[in-house]
Structure formats: C-alpha cells, structure tokens
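>>> starting from these lines, generate the structure:
(one chain, ligands or ions: 1)
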Amino acid sequence: MTQSLDILAIAAHRDDVEQTCGGTLLAHAARGLRCGILDLSRGELGTRGTAADRARESGAAARILQVAWRAALDIPDGRVENTFDNRLKIARVLRATRPRVVILPYWQGRHPDHYTSSQLGYEACFAAGLKKLAIGAAAASELEITVNELSEVGPRPPSAGPRRNAADDDRRPATDDPHRPYKILYASLYADVRPTFVIDITSHFEARTQALFAYKSQYRDQSEGAGLFPAHAEIRTRLEAMAGFYGLLAGVRYAEPFVQKEVGLVDDVMAIPVASI
Ligand SMILES: [Zn+2]
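Okay, here's the model as predicted:
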C-alpha cells in the first residue's frame, strides 16, 4: 500500500520548522497523522557547525518531532530564489510525498530566504498539480533524506531509470503523478500579523523545545564561555513568551499561530471554540 504524508512543513533552513510549527507537527503526530519536513537548504553557510553537523542534528530533531519523513534539498543556503528549477525541485517532493496539508513560512519577514520560501513553496504546490508538467524524479544528490519511515512513496514510473540498489529505490521519490495539496497554511510565529487561528501545543511544548535544542552546533554556545545552561534558559524564556502570547489569544497555555488566505467555513456555530467574553 502506498503511504503518503498527511502534512508537509516546508521551510528555508534546518531548524526553521522547529521554531515555527514543531509543536503543531507533534500535536498531529499524536493523532496518528504522518507529518514530514522539507528543508530547502542544508546550512553550509552557517557560522556554527557544518552542513554534515546540521544533517545529523536535523535527523535527531525530526525524531523528537515524531515525523515520518524529513529531507533537505540542495538549494544554496542564503540564496533561496524563486526560480523554475527550484519550483520543480519542491514539486518533485510534493508529488512523491503527496501531502494533503502544506505548511509554508509566512510571506513577509526579515530574512529573504524565509519570505522567498513562502512564494516559492506556493508556486511549487501549483506546479505539482499541473497534469501535463513532466518533472521526473529527484536525482540522488538533490535530496538528502535524514528520516524515512514511509515504506513506499507513490507509484514508480516506468521511466525512473536503472535501479542501483533496493535502498536507493526506497529513498528516492519516484512518482510523476500530479498532486496538489488541499490546504496551504502559513506559519506566522515571527510575523507581526494577527493569525487566522492557533494550534494548542501545550502538551507538546517541552518536546518541541527539545527538538530545537537538538541543534547543538547552533544553540550550545550562545554566550561565549557561559556554558550550556544560560543559553538554553534564555532561548526557553523566548519560546515560552512567544507560545504563551499566542496561547493567551485562544485561552490555552501555549500555541502556534497560522494564517490561511481562504475564508473559514463553519457548519455549526455551537461548536466554534474560543470564548468571546
Ligand atoms: Zn531560517
């Protein structure tokens, strides 16, 4: 049986998803849904650590977040551009993993890689659904997979080329059937905008914090010589403040915010959550 993802979170850098929607992935994994993460770049420009360090750390973080699949594309770090080639790279992943929901970064922000990823991701979702657009399978060098618990990702097309070995086949996206996600959500934690809704992450806050701390090369030495604990304490305070603020908006302890462009649809006004007064 073909296994596909329910939710795929796409972001520019390894550790972006941990910061903006890690708790949401955990909350849905706890409901038995299959979540995945696609990082567009690999972190080769990072001041701290190497791309190899970050690959290892992103795998460890993914396991804490209980995702079924995580990979990084080979888009240059610090140079995420909305090009046709980059749209095709993401579209190949979308066709292979076939998520119903895609989470993208909010479309405004300080870092060009972040806001560019938003539009790039949206346009890739569009391209992935074009029936006559043949985009083939990802080359092995294009996609670095750090977690793969999907036994099979999509049907294999006859033109997939020579098989190298069974392990390669398991790890390589291999479908060219069109797929367009049903829902696109924008993770807006760092954007100064009012969210459309928030997700209660109260019972997942601790694990989500640990997922971020799994990036030891990034978060171990925040204060030179001050050791591990003070840096962690400061980051934790910030995470608590952000999640606490969004939780307060909806009457829960900790939450993550999202924006959707569509209007909401309600069946039953008696069941709408969050008290008005
Ligand atoms: Zn980032």
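
>>> in which helix or strand would I find Gly36?
Assignment of secondary structure by DSSP states H and E places Gly36 within strand 35-39.

>>> how about residues contacting the longest helix along the chain?
Of all segments of type helix in the chain, defined using DSSP state H, the longest is helix 228-250. Around helix 228-250, the neighbours that count as contacts under Cβ atoms under 8 Å, 6 or more residues apart in numbering are 23, 189, 195, 197-198, 200-202, 205, 208-209, 212-213, 219-223, 253-257, 273-274. Backbone N, C-alpha and C define where each C-beta goes, glycine included.

>>> which other residues reach the helix or strand that it is followed by?
Reading on from helix 228-250 to the C-terminus, the next helix or strand found by DSSP H and E is strand 255-259. Defining contact as Cβ under 8 Å, 6+ apart, one finds that strand 255-259 is touched by 20-21, 23-24, 103, 106, 185-189, 191, 193, 195-202, 243, 246-247, 249.

>>> strand 255-259: which residues count as buried?
Of the residues in strand 255-259, those scored as buried under the neighbour-count criterion (16 or more other Cβ atoms under 10 Å) are 255-259.

>>> who are the neighbours in contact with the nearest residue to Ala60 once chain neighbours are set aside?
For Ala60, ignoring the flanking residues on the chain, the nearest one in space by Cβ to Cβ, 6 or more residues apart in numbering is Ala214 at 4.3 Å. Ala214 makes contact with 18, 57, 60-61, 64 under the criterion Cβ under 8 Å, 6+ apart.

>>> mind putting those residues in TSV, neighbour count included?
Formatted as TSV, the entries for these read as follows, by neighbours: other Cβ atoms under 10 Å:
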residue	neighbour count
Glu18	28
Glu57	24
Ala60	17
Ala61	27
Ile64	18
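
>>> check the residues you listed against the ion, which are close?
The overlap between these and the neighbourhood of the ion (criterion: Cβ under 5 Å from the ion) is empty.

>>> ok, back up a step: and the contacts of strand 255-259, which of them are in strands?
Within the contacts of strand 255-259, residues falling in strands by DSSP state E are 103, 185-187, 197-200.

>>> give the contact list for the residue in the chain that the ion sits nearest to.
Nearest to the ion, among the residues of the chain, is His13, at 3.6 Å (Cβ to the ion). Counting by Cβ under 8 Å, 6+ apart, His13 makes contact with 39-41, 43, 77, 113.
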